[in-house]
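In: Next one to model:
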Amino acid sequence: MIYPKSLEKLINYYKKLPGIGEKNAERLALATLNFKDEDLENFSKSIIDVKDKLGKCKICGHLAEGDICSICSDSSREQNLICVIEDYKSVFSFEKAGNFNGVYHVLNGLISPADDIGPENINLASLVKRVEGLKKPELILALKSTIEGETTTLYIKKIFEKKDVMISRLSYGIPMGAEIDYLDIITLDKALEDRKKISE
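Out: Numbering: from 1, shown residues only. I've put the predicted structure just below:
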């Protein structure tokens, strides 16, 4: 064993983070040893806090520290303009871009028959209920262009086809299969601005 047991344990936990290999995990673990006691205590507490305090917004499914997230509770945002996304990481991408003044609906997954994930397994029922209480809403589908994304898009289009709901999708300046949260701000802004209507 190269490292003391407690250090090796810390390195192994850092390696569980996405994009962190052996070398980076070692650097992070050794850097942690240099934290002041107060910083180390606050660091460990912040990790526990995100598990204890964060839940899902009852309206949109985004991360929230209470029942409703800060975006849904913001009265200055357009409640009739709903951007439908796969997961909460995409919310952060849109918010960093800073040009969207609507609200979001986080599906927490995509329909994937191959993985036994049907419409009932993602956050779709609450979207239907939410839209029913709005006048002439627009849904912007910001889902990745994969089989799962296309299947989910077609399903959403079908369930709203006889309702007074405009449905658009991000323009195709986005590379095939690209993850929304990896797009640069300019590409994301342009895709949103040039969105295409797909409802009848």
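
In: Buried ones in stretch 38-52, by neighbour count?
Out: Buried residues in stretch 38-52, counted by 16 or more other C-beta atoms under 10 Å: none are found. Any C-beta I mention is one placed from the backbone N, CA and C, and that applies to glycine too.

In: Alpha carbons of that stretch, as CSV, please.
Out: Extracted C-alpha coordinates of stretch 38-52, given in CSV (Å, rounded to 0.1, in the frame of the first residue of the first chain):
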residue,chain,number,x,y,z
GLU,A,38,-12.3,25.4,10.0
ASP,A,39,-12.3,25.0,6.2
LEU,A,40,-12.2,21.3,6.4
GLU,A,41,-15.1,21.2,8.8
ASN,A,42,-17.1,23.6,6.5
PHE,A,43,-16.2,21.5,3.5
SER,A,44,-17.4,18.3,5.0
LYS,A,45,-20.6,20.0,6.3
SER,A,46,-21.3,21.4,2.8
ILE,A,47,-21.2,17.8,1.4
ILE,A,48,-23.6,16.6,4.0
ASP,A,49,-25.9,19.7,3.5
VAL,A,50,-26.4,19.0,-0.2
LYS,A,51,-27.7,15.6,0.6
ASP,A,52,-29.8,16.7,3.6
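
In: who does the helix ranked longest in the chain touch, helix- and strand-wise?
Out: Longest helix of the chain, by residue count under DSSP state H: helix 37-53. If you count contacts as 3 or more C-beta pairs under 8 Å, 6 or more residues apart in numbering; DSSP states H and E, helix 37-53 packs onto no helix or strand.

In: give the contact list for the most centrally placed residue in the chain.
Out: Centroid check for the chain by C-alpha atoms, centre = their mean gives Tyr88 as the closest residue, at 2.0 Å. Counting by C-beta atoms under 8 Å, 6 or more residues apart in numbering, Tyr88 touches 61-63, 106.

In: Likewise for Asn80?
Out: 102, 134-138.

In: Repeat that for Lys163.
Out: Going by C-beta under 8 Å, 6+ apart, Lys163 touches Val131.

In: Distance-wise, check it relative to Asn123.
Out: To Asn123, Lys163 is 18 Å away according to C-beta to C-beta, to the nearest Å.
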